[in-house]
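> from the sequence below, what's the structure:
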Amino acid sequence: MNKIESLSDLFDMVGCDVSYFDLGRNITKITPQQAVQFDRKQQTYPFPFRQHAWLACLLNMGSQQGKKAKKEDIIDQGVIWFIKLPLDEAGCLNLGTRDHFIKSIVDKILHKGEEAGLSEALEDSPYAFKPDQERMASLHAILGKNLHKAPSHYFDDVVKYLSSDLNQADDSWQTLGLQGIAELAARVDEDKYQAMTQKAIQQAAKPVVSALCHALEHEVLPSQLQDTLIEKLQNEQDALMQASYLRALSRADLNDTLLLPLFGLLGSLTECKDDDLHPIAALAAKCPHWLGQNPQLLRIIMEKLAHREDGYIAFRQIAAELSQHPEAKQPLWTLLRSGHVSPKLAQAVSYLFTQTPTSVQ
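Okay, the predicted model is just below:
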(Lines give C-alpha, C1' and ligand atoms only; values in the text may rest on other atoms or scores of the structure.)
Protein backbone atom coordinates (compact mmCIF):
# COMPACT_ATOMS: atom_id res chain seq x y z
CA MET A 1 0.00 0.00 0.00
CA ASN A 2 1.28 3.45 -0.90
CA LYS A 3 1.98 5.82 1.94
CA ILE A 4 -1.10 7.88 2.78
CA GLU A 5 -0.16 11.40 3.77
CA SER A 6 -3.30 13.43 3.00
CA LEU A 7 -7.05 13.18 2.57
CA SER A 8 -6.58 13.07 -1.21
CA ASP A 9 -4.20 10.11 -0.80
CA LEU A 10 -6.91 8.35 1.21
CA PHE A 11 -9.55 8.83 -1.47
CA ASP A 12 -7.09 7.88 -4.22
CA MET A 13 -6.37 4.64 -2.39
CA VAL A 14 -9.99 3.53 -2.65
CA GLY A 15 -10.46 4.83 -6.21
CA CYS A 16 -12.82 7.55 -5.13
CA ASP A 17 -13.40 11.00 -6.57
CA VAL A 18 -14.23 13.61 -3.95
CA SER A 19 -15.73 17.08 -3.98
CA TYR A 20 -15.51 19.28 -0.91
CA PHE A 21 -17.94 21.78 0.52
CA ASP A 22 -17.33 23.86 3.62
CA LEU A 23 -20.29 23.82 6.03
CA GLY A 24 -18.96 26.15 8.71
CA ARG A 25 -19.97 29.80 8.42
CA ASN A 26 -21.78 29.26 5.11
CA ILE A 27 -22.08 26.44 2.61
CA THR A 28 -19.24 27.12 0.18
CA LYS A 29 -17.77 25.01 -2.61
CA ILE A 30 -14.06 24.38 -2.08
CA THR A 31 -12.07 24.46 -5.31
CA PRO A 32 -9.72 21.57 -6.17
CA GLN A 33 -6.75 23.92 -5.77
CA GLN A 34 -7.91 25.04 -2.31
CA ALA A 35 -8.43 21.40 -1.32
CA VAL A 36 -4.88 20.44 -2.30
CA GLN A 37 -3.38 23.45 -0.55
CA PHE A 38 -5.05 23.05 2.84
CA ASP A 39 -4.84 19.24 2.70
CA ARG A 40 -1.04 19.40 2.38
CA LYS A 41 -0.69 22.44 4.69
CA GLN A 42 0.51 24.65 1.87
CA GLN A 43 -2.09 27.25 2.86
CA THR A 44 -4.39 27.98 5.78
CA TYR A 45 -7.87 26.51 5.70
CA PRO A 46 -9.90 29.06 3.69
CA PHE A 47 -13.11 29.01 5.76
CA PRO A 48 -12.32 28.55 9.47
CA PHE A 49 -15.23 28.44 11.90
CA ARG A 50 -14.87 27.88 15.64
CA GLN A 51 -11.29 26.70 15.13
CA HIS A 52 -12.32 23.81 12.88
CA ALA A 53 -12.74 22.84 9.25
CA TRP A 54 -16.35 21.66 8.79
CA LEU A 55 -16.26 19.53 5.64
CA ALA A 56 -18.87 17.80 3.55
CA CYS A 57 -17.03 15.31 1.37
CA LEU A 58 -19.08 14.11 -1.61
CA LEU A 59 -17.74 10.71 -2.58
CA ASN A 60 -18.06 9.37 -6.11
CA MET A 61 -17.05 5.72 -5.76
CA GLY A 62 -15.65 3.80 -8.70
CA SER A 63 -16.68 0.20 -9.32
CA GLN A 64 -14.24 -2.67 -9.73
CA GLN A 65 -14.44 -2.08 -13.49
CA GLY A 66 -13.22 1.45 -12.94
CA LYS A 67 -16.55 3.05 -13.86
CA LYS A 68 -17.72 5.97 -11.82
CA ALA A 69 -21.14 6.26 -10.29
CA LYS A 70 -23.31 8.94 -11.80
CA LYS A 71 -22.92 12.25 -10.01
CA GLU A 72 -26.70 12.49 -9.81
CA ASP A 73 -26.69 9.37 -7.62
CA ILE A 74 -24.48 10.92 -4.93
CA ILE A 75 -27.31 12.69 -3.13
CA ASP A 76 -29.74 9.77 -3.39
CA GLN A 77 -27.18 7.24 -2.19
CA GLY A 78 -26.10 9.48 0.67
CA VAL A 79 -22.39 9.03 -0.05
CA ILE A 80 -21.45 12.14 1.90
CA TRP A 81 -19.04 12.33 4.79
CA PHE A 82 -19.37 15.12 7.32
CA ILE A 83 -16.06 15.55 9.10
CA LYS A 84 -14.82 18.21 11.52
CA LEU A 85 -11.07 18.63 11.76
CA PRO A 86 -9.34 21.01 14.21
CA LEU A 87 -7.15 23.87 13.01
CA ASP A 88 -3.90 24.95 14.61
CA GLU A 89 -3.09 28.48 15.81
CA ALA A 90 -2.05 29.49 12.29
CA GLY A 91 -5.40 28.35 10.85
CA CYS A 92 -3.98 25.27 9.11
CA LEU A 93 -5.19 21.69 9.50
CA ASN A 94 -3.79 20.04 12.61
CA LEU A 95 -1.78 17.37 10.81
CA GLY A 96 -1.51 15.05 13.81
CA THR A 97 -5.28 14.97 14.19
CA ARG A 98 -5.82 14.65 10.45
CA ASP A 99 -3.39 11.72 10.28
CA HIS A 100 -5.17 10.04 13.20
CA PHE A 101 -8.46 10.44 11.32
CA ILE A 102 -6.94 8.93 8.16
CA LYS A 103 -5.50 5.98 10.10
CA SER A 104 -8.88 5.21 11.66
CA ILE A 105 -10.49 5.20 8.20
CA VAL A 106 -7.77 3.01 6.68
CA ASP A 107 -8.10 0.51 9.54
CA LYS A 108 -11.84 0.18 8.92
CA ILE A 109 -11.37 -0.22 5.18
CA LEU A 110 -8.69 -2.91 5.64
CA HIS A 111 -10.88 -4.69 8.17
CA LYS A 112 -14.19 -4.55 6.30
CA GLY A 113 -13.23 -4.01 2.66
CA GLU A 114 -13.50 -0.82 0.63
CA GLU A 115 -17.26 -0.69 0.05
CA ALA A 116 -18.30 -1.53 3.61
CA GLY A 117 -15.43 0.48 5.04
CA LEU A 118 -16.50 3.63 3.22
CA SER A 119 -20.15 3.29 4.15
CA GLU A 120 -19.38 2.65 7.81
CA ALA A 121 -16.17 4.67 8.07
CA LEU A 122 -17.51 7.45 10.28
CA GLU A 123 -19.44 5.27 12.72
CA ASP A 124 -18.40 6.26 16.25
CA SER A 125 -15.77 8.60 14.83
CA PRO A 126 -14.93 11.63 17.01
CA TYR A 127 -14.34 13.55 13.77
CA ALA A 128 -17.86 13.09 12.41
CA PHE A 129 -20.59 15.65 12.89
CA LYS A 130 -24.24 15.87 11.97
CA PRO A 131 -25.39 19.13 10.38
CA ASP A 132 -28.62 20.58 11.71
CA GLN A 133 -31.83 20.30 9.68
CA GLU A 134 -31.51 23.76 8.12
CA ARG A 135 -27.95 23.12 6.98
CA MET A 136 -28.81 19.70 5.57
CA ALA A 137 -31.80 21.11 3.69
CA SER A 138 -29.66 23.87 2.18
CA LEU A 139 -26.86 21.48 1.20
CA HIS A 140 -29.28 19.15 -0.57
CA ALA A 141 -30.94 22.11 -2.27
CA ILE A 142 -27.60 23.48 -3.52
CA LEU A 143 -26.36 20.10 -4.71
CA GLY A 144 -29.67 19.33 -6.39
CA LYS A 145 -29.67 22.63 -8.27
CA ASN A 146 -26.04 22.21 -9.32
CA LEU A 147 -26.86 18.76 -10.70
CA HIS A 148 -30.04 20.02 -12.42
CA LYS A 149 -32.25 17.72 -10.40
CA ALA A 150 -35.95 18.47 -10.08
CA PRO A 151 -36.86 20.07 -6.74
CA SER A 152 -38.80 18.11 -4.13
CA HIS A 153 -42.55 18.20 -3.56
CA TYR A 154 -41.81 20.46 -0.59
CA PHE A 155 -40.77 23.13 -3.09
CA ASP A 156 -44.14 22.90 -4.81
CA ASP A 157 -45.84 23.50 -1.45
CA VAL A 158 -43.73 26.63 -0.88
CA VAL A 159 -44.48 27.97 -4.37
CA LYS A 160 -48.20 27.36 -3.86
CA TYR A 161 -48.13 29.16 -0.50
CA LEU A 162 -46.22 32.17 -1.87
CA SER A 163 -48.51 32.37 -4.88
CA SER A 164 -51.49 32.98 -2.59
CA ASP A 165 -52.57 36.27 -1.01
CA LEU A 166 -50.59 35.52 2.18
CA ASN A 167 -53.44 36.55 4.42
CA GLN A 168 -52.16 36.92 7.98
CA ALA A 169 -54.98 34.68 9.16
CA ASP A 170 -53.77 31.90 6.85
CA ASP A 171 -51.82 29.32 8.86
CA SER A 172 -51.04 27.00 5.94
CA TRP A 173 -47.37 27.98 6.29
CA GLN A 174 -47.15 25.63 9.26
CA THR A 175 -47.14 22.63 6.93
CA LEU A 176 -44.21 23.88 4.82
CA GLY A 177 -40.98 21.89 4.91
CA LEU A 178 -37.49 23.33 5.37
CA GLN A 179 -36.40 21.52 2.21
CA GLY A 180 -38.81 23.49 0.05
CA ILE A 181 -37.74 26.79 1.60
CA ALA A 182 -34.06 25.91 1.02
CA GLU A 183 -34.80 25.03 -2.60
CA LEU A 184 -36.41 28.43 -3.12
CA ALA A 185 -33.34 30.16 -1.68
CA ALA A 186 -31.05 28.13 -3.96
CA ARG A 187 -32.98 29.50 -6.97
CA VAL A 188 -32.87 33.17 -5.97
CA ASP A 189 -30.78 33.95 -9.05
CA GLU A 190 -33.77 33.08 -11.28
CA ASP A 191 -36.10 36.03 -11.94
CA LYS A 192 -39.31 34.14 -11.19
CA TYR A 193 -38.09 32.90 -7.83
CA GLN A 194 -36.34 36.15 -6.97
CA ALA A 195 -39.72 37.89 -7.17
CA MET A 196 -41.25 35.14 -5.05
CA THR A 197 -38.48 35.52 -2.47
CA GLN A 198 -39.08 39.29 -2.38
CA LYS A 199 -42.75 38.67 -1.67
CA ALA A 200 -41.91 36.16 1.05
CA ILE A 201 -39.54 38.55 2.84
CA GLN A 202 -42.13 41.32 2.77
CA GLN A 203 -45.37 39.45 3.47
CA ALA A 204 -44.88 35.86 4.70
CA ALA A 205 -45.30 34.70 8.28
CA LYS A 206 -42.24 35.43 10.42
CA PRO A 207 -41.23 31.76 10.89
CA VAL A 208 -41.15 31.38 7.10
CA VAL A 209 -39.15 34.59 6.68
CA SER A 210 -36.67 33.50 9.33
CA ALA A 211 -36.12 30.06 7.78
CA LEU A 212 -35.77 31.64 4.34
CA CYS A 213 -33.18 34.13 5.62
CA HIS A 214 -31.15 31.30 7.13
CA ALA A 215 -31.16 29.55 3.74
CA LEU A 216 -30.28 32.76 1.88
CA GLU A 217 -27.06 33.15 3.89
CA HIS A 218 -25.47 30.64 1.50
CA GLU A 219 -26.30 32.69 -1.61
CA VAL A 220 -24.99 35.86 -3.24
CA LEU A 221 -28.14 37.95 -3.36
CA PRO A 222 -29.40 40.20 -6.16
CA SER A 223 -29.07 43.89 -5.24
CA GLN A 224 -32.84 44.47 -5.18
CA LEU A 225 -33.30 41.71 -2.62
CA GLN A 226 -30.43 43.09 -0.54
CA ASP A 227 -32.16 46.47 -0.48
CA THR A 228 -35.40 44.84 0.70
CA LEU A 229 -33.60 43.02 3.50
CA ILE A 230 -31.79 46.19 4.60
CA GLU A 231 -35.09 48.06 4.71
CA LYS A 232 -36.64 45.27 6.81
CA LEU A 233 -33.61 45.34 9.11
CA GLN A 234 -33.98 49.08 9.66
CA ASN A 235 -37.63 48.76 10.69
CA GLU A 236 -37.47 45.51 12.68
CA GLN A 237 -37.77 45.58 16.47
CA ASP A 238 -37.64 41.81 17.08
CA ALA A 239 -34.02 40.90 17.92
CA LEU A 240 -34.30 37.37 16.53
CA MET A 241 -35.63 38.66 13.22
CA GLN A 242 -32.84 41.26 13.14
CA ALA A 243 -30.38 38.40 13.45
CA SER A 244 -32.13 36.52 10.64
CA TYR A 245 -31.91 39.50 8.27
CA LEU A 246 -28.22 39.89 9.10
CA ARG A 247 -27.62 36.22 8.28
CA ALA A 248 -29.35 36.63 4.92
CA LEU A 249 -27.18 39.67 4.15
CA SER A 250 -23.92 38.10 5.31
CA ARG A 251 -22.48 37.76 1.80
CA ALA A 252 -23.31 41.35 0.84
CA ASP A 253 -20.61 43.99 0.47
CA LEU A 254 -20.28 46.33 3.43
CA ASN A 255 -21.14 49.72 1.91
CA ASP A 256 -22.80 52.84 3.34
CA THR A 257 -26.26 51.54 2.46
CA LEU A 258 -25.69 48.66 4.85
CA LEU A 259 -23.31 50.28 7.32
CA LEU A 260 -25.60 53.08 8.49
CA PRO A 261 -28.42 50.69 9.47
CA LEU A 262 -25.89 48.57 11.34
CA PHE A 263 -24.78 51.53 13.45
CA GLY A 264 -28.43 52.33 14.13
CA LEU A 265 -29.14 48.74 15.08
CA LEU A 266 -26.28 48.54 17.60
CA GLY A 267 -27.08 51.85 19.26
CA SER A 268 -25.45 52.84 22.55
CA LEU A 269 -21.91 51.78 23.45
CA THR A 270 -22.71 51.60 27.14
CA GLU A 271 -25.82 49.42 27.06
CA CYS A 272 -26.17 45.79 25.98
CA LYS A 273 -29.43 44.06 26.82
CA ASP A 274 -29.90 40.32 26.44
CA ASP A 275 -31.86 40.88 23.22
CA ASP A 276 -28.89 42.79 21.78
CA LEU A 277 -26.88 39.57 21.87
CA HIS A 278 -28.89 38.04 19.01
CA PRO A 279 -27.77 40.50 16.30
CA ILE A 280 -24.28 40.73 17.83
CA ALA A 281 -23.90 36.95 17.71
CA ALA A 282 -25.12 36.95 14.10
CA LEU A 283 -22.53 39.59 13.18
CA ALA A 284 -19.70 37.71 14.89
CA ALA A 285 -20.65 34.27 13.56
CA LYS A 286 -21.78 35.13 10.04
CA CYS A 287 -20.31 38.56 9.24
CA PRO A 288 -16.86 38.79 10.88
CA HIS A 289 -15.44 40.09 7.59
CA TRP A 290 -17.58 43.22 8.07
CA LEU A 291 -16.06 43.74 11.51
CA GLY A 292 -12.60 43.32 10.03
CA GLN A 293 -13.35 45.91 7.35
CA ASN A 294 -14.81 48.50 9.74
CA PRO A 295 -12.94 48.92 13.05
CA GLN A 296 -15.61 51.30 14.37
CA LEU A 297 -18.27 48.62 14.00
CA LEU A 298 -15.99 46.17 15.80
CA ARG A 299 -15.32 48.66 18.60
CA ILE A 300 -19.03 49.32 19.21
CA ILE A 301 -19.68 45.58 19.59
CA MET A 302 -16.78 44.99 21.97
CA GLU A 303 -17.65 48.10 24.02
CA LYS A 304 -21.25 46.96 24.37
CA LEU A 305 -20.17 43.49 25.47
CA ALA A 306 -17.69 44.94 27.95
CA HIS A 307 -20.49 46.93 29.60
CA ARG A 308 -22.59 43.82 30.30
CA GLU A 309 -22.89 42.52 33.86
CA ASP A 310 -22.42 38.85 32.98
CA GLY A 311 -18.86 38.25 34.13
CA TYR A 312 -17.54 38.90 30.62
CA ILE A 313 -19.04 35.64 29.35
CA ALA A 314 -20.35 37.11 26.09
CA PHE A 315 -17.25 39.30 25.67
CA ARG A 316 -14.95 36.31 26.01
CA GLN A 317 -16.98 34.15 23.60
CA ILE A 318 -17.19 36.80 20.87
CA ALA A 319 -13.50 37.69 21.25
CA ALA A 320 -12.52 34.02 20.92
CA GLU A 321 -14.65 33.63 17.79
CA LEU A 322 -13.32 36.76 16.08
CA SER A 323 -9.72 35.97 17.01
CA GLN A 324 -9.88 32.90 14.76
CA HIS A 325 -11.19 34.70 11.68
CA PRO A 326 -8.47 35.70 9.18
CA GLU A 327 -9.99 39.14 8.43
CA ALA A 328 -11.13 40.06 11.93
CA LYS A 329 -8.30 38.84 14.15
CA GLN A 330 -5.79 41.63 13.40
CA PRO A 331 -8.32 44.48 13.80
CA LEU A 332 -9.49 42.82 17.03
CA TRP A 333 -5.92 42.58 18.29
CA THR A 334 -5.32 46.24 17.42
CA LEU A 335 -8.47 47.27 19.30
CA LEU A 336 -7.66 45.23 22.39
CA ARG A 337 -4.18 46.73 22.59
CA SER A 338 -5.39 50.26 22.00
CA GLY A 339 -5.16 52.86 24.75
CA HIS A 340 -8.14 54.74 23.35
CA VAL A 341 -10.95 52.63 24.79
CA SER A 342 -13.34 53.08 27.68
CA PRO A 343 -12.33 51.99 31.19
CA LYS A 344 -14.95 49.22 30.95
CA LEU A 345 -13.42 47.81 27.76
CA ALA A 346 -9.91 48.12 29.20
CA GLN A 347 -11.06 46.16 32.25
CA ALA A 348 -12.64 43.48 30.06
CA VAL A 349 -9.42 43.18 28.06
CA SER A 350 -7.40 42.83 31.25
CA TYR A 351 -9.74 40.08 32.42
CA LEU A 352 -9.50 38.33 29.04
CA PHE A 353 -5.72 38.08 29.16
CA THR A 354 -5.42 37.19 32.83
CA GLN A 355 -8.18 34.56 32.87
CA THR A 356 -7.96 33.10 29.36
CA PRO A 357 -4.52 33.90 27.96
CA THR A 358 -4.99 31.63 24.93
CA SER A 359 -8.33 33.09 23.82
CA VAL A 360 -6.76 35.60 21.46
CA GLN A 361 -3.92 34.52 19.22
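> the helix of greatest length in the chain packs against which elements?
Of all the segments of type helix in the chain, defined by DSSP state H, the longest one is helix 95-112. Judged by 3 or more C-beta pairs under 8 Å, 6 or more residues apart in numbering; DSSP states H and E, helix 95-112 is in contact with helix 7-13, strand 80-86, helix 114-119. Any C-beta I mention is one placed from the backbone N, CA and C, and that applies to glycine too.
> need the ones you listed in JSON lines (columns: mean neighbour count and mean pLDDT).
Formatted as JSON lines, these follow (neighbours: other C-beta atoms under 10 Å; pLDDT from 0 to 100):
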{"stretch": "helix 7-13", "mean neighbour count": "18", "mean pLDDT": "86"}
{"stretch": "strand 80-86", "mean neighbour count": "18", "mean pLDDT": "94"}
{"stretch": "helix 114-119", "mean neighbour count": "16", "mean pLDDT": "60"}
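> so which of the ones you listed gets nearest F155?
strand 80-86 (20.6 Å; C-beta to C-beta).
> before we move on, the earlier item: may I see the buried residues of the longest helix of the chain?
For helix 95-112, the neighbour count (16 or more other C-beta atoms under 10 Å) marks 98, 101-102, 104-106, 108-109 as buried.
> with stretch 166-175 instead?
166, 173.
> so Q347 touches H307, yeah?
No: with contacts counted by C-beta atoms under 8 Å, Q347 stays clear of H307, the gap being 10.1 Å.
> more neighbours: which of those two?
H307 (17 against 13; other C-beta atoms under 10 Å).
> contacts only, for the nearest residue to L345 once chain neighbours are set aside.
Nearest non-adjacent residue to L345, counting by C-beta to C-beta, 6 or more residues apart in numbering: A306, 4.3 Å away. Contact criterion C-beta atoms under 8 Å, 6 or more residues apart in numbering gives 312, 315, 342, 344-345, 347-349 as the residues in contact with A306.
> and the furthest pair within those residues?
Y312 and S342 (14.2 Å).
> domain map for this protein?
Following automatic domain parsing, one finds the domains of the chain at 7-119, 133-355.
> let's have these in CSV, adding distance to P126.
As requested, the domains of the chain are arranged in CSV below (distance: least, C-beta to C-beta, whole Å):
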stretch, distance to P126
domain 7-119, 9
domain 133-355, 20
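> for those domains, which has the smallest mean pLDDT value?
Note on the domains of the chain: domain 7-119 shows the lowest mean pLDDT, a mean of 81.
> check what contacts the helix or strand containing A243 and list those residues.
Element membership for A243 (DSSP states H and E) is helix 239-248. For helix 239-248, contacts defined as C-beta under 8 Å, 6+ apart pick out 206, 209-210, 212-214, 216-217, 221, 229-230, 232-233, 236, 265, 275-279, 281-283, 286-287.
> packing partners of the following helix or strand past it?
Sequence order places helix 256-266 as the next helix or strand after helix 239-248, per DSSP H and E. Judged by 3+ C-beta pairs under 8 Å, 6+ apart, helix 256-266 is in contact with helix 223-235, helix 277-286, helix 295-306.
> so for the helix or strand just after the last one, what gets flagged as buried?
From helix 295-306 onward toward the C-terminus, using DSSP H and E, the following helix or strand is helix 313-322. Of the residues in helix 313-322, those with enough neighbours to count as buried (16+ other C-beta under 10 Å) are 314-316, 318-322.
> what sits against R251?
Per C-beta under 8 Å, 6+ apart, neighbours of R251: 26, 217, 219-221.
> out of those residues, which end up buried?
Using 16+ other C-beta under 10 Å, the buried ones in the contacts of R251 are 26, 217, 219, 221.
> that older thread, ok, the residue nearest to L345 to D171 distance?
Distance of A306 to D171, computed by C-beta to C-beta, to the nearest Å: 43 Å.
> out of the contacts of R251, what pair is the most spread apart?
N26 and L221 (12.3 Å).
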